[in-house]
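Engineer: need a structure here:
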Amino acid sequence: MSAHRWRLLAIGALTIGAYSLALWAYSISPLGYAGAIREVSVVMAAFAGWQFLGERLGGLRVLGAIIIFAGILVIAIFG
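Structural biologist: Alright, predicted model coming up:
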């Protein structure tokens, strides 16, 4: 636990910061746009898990990332 204490504290602070940024985005833009962009984190997490943690990037995970990205594009284009 003590070996990872600083990492855990940093992750906690970044999580609070990310949530605060999402709330701020909700306050200045239409909810549909802010909500859709927030889902990009799912795609980025899948990529980070594959790239940095050695997780398997199977077809289902790739398909999910493509669907999420396509949904974001639809909201961005057609609002």
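Engineer: remind me, longest helix of the chain?
Structural biologist: helix 5-28 (DSSP state H).
Engineer: now it: mean pLDDT?
Structural biologist: Mean pLDDT, computed over helix 5-28, is 84.
Engineer: next one: that helix to chain centre, how far?
Structural biologist: On the basis of Cα atoms, centre = their mean, to the nearest Å, helix 5-28 sits 12 Å off its chain's mean C-alpha point.
Engineer: which residues does the most centrally placed residue in the chain contact?
Structural biologist: Centroid check for the chain by Cα atoms, centre = their mean gives residue 41 as the closest residue, at 0.9 Å. By Cβ atoms under 8 Å, 6 or more residues apart in numbering, the residues touching residue 41 are residue 18. Where C-beta positions appear, they are placed from N, C-alpha and C, glycine not excepted.
Engineer: state the helix or strand in which it lies.
Structural biologist: helix 40-53 (DSSP states H and E).
Engineer: please identify the buried residues of that helix?
Structural biologist: Across helix 40-53, burial judged by 16 or more other Cβ atoms under 10 Å covers 43, 46.
Engineer: between helix 5-28 and it, find me the angle.
Structural biologist: 160 degrees (axes from the mean of the first three to the mean of the last three Cα atoms, to 10 degrees).
Engineer: quick check: mean pLDDT of helix 40-53?
Structural biologist: pLDDT averaged over helix 40-53 gives 82.
Engineer: just checking, next helix/strand downstream of it?
Structural biologist: Per DSSP H and E, the first helix or strand lying C-terminal to helix 40-53 is helix 59-78.
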